[in-house]
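S.K.: got a structure for you, letters missing:
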């Protein structure tokens with residue numbers, strides 16, 4: 001699939017960084033590919049954090065914006081949030 005603007009919501013932020021929530025059916029391996037967030041280049045800043053919820057798996061991961069040239073966005077590989085329930 002591809003990036004869908006309707007899935008991206010800004011949760012909080014300041015001049016030094018923003019926290020975003022992104023819902024998608026794409027796996028984190030797709031989302032963390034350079035260029036995936038190019039359509040959001042005008043909104044995303046280097047060091048912004050995006051919480052990615054894969055509705056297909058389901059899994060949740062954090063990625064950070066590593067670079068943004070103004071047209072090409074690259075994010076980190078992602079850190080998975082452990083979603084276990086031991087009870």
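M.R.: Here it is on my side, so go on. The structure presented is a predicted model; accordingly, all values stated were derived computationally and were not measured. Numbering: from 1, shown residues only.

S.K.: use CA for all of it now, contacts and neighbours both
M.R.: Fine.

S.K.: need the nearest residue in space to residue 66, chain neighbours excluded.
M.R.: For residue 66, ignoring the flanking residues on the chain, the nearest one in space by C-alpha to C-alpha, 6 or more residues apart in numbering is residue 75 at 5.1 Å.

S.K.: my guess is that neighbour meets residue 61, correct?
M.R.: No. Assessed by C-alpha atoms under 8 Å, residue 75 is found out of contact with residue 61, at 11.9 Å.

S.K.: just the helices in this protein please.
M.R.: Counting by DSSP state H, the chain has these helices, from start to end: 28-31.

S.K.: before we move on, the earlier item: list the residues that contact the residue nearest to residue 66.
M.R.: Contacts here follow C-alpha atoms under 8 Å, 6 or more residues apart in numbering; on that basis residue 75 touches 32-34, 63-67.

S.K.: for this protein, which residue occupies the most central location?
M.R.: residue 50 (3.8 Å; C-alpha atoms, centre = their mean).

S.K.: list the helices and strands the lengthiest strand in the chain packs on?
M.R.: For the chain, the strand with the greatest residue count under DSSP state E is strand 59-68. Strand 59-68 is packed against strand 49-54, strand 73-75, strand 79-80, with contacts defined by 3 or more C-alpha pairs under 8 Å, 6 or more residues apart in numbering; DSSP states H and E.
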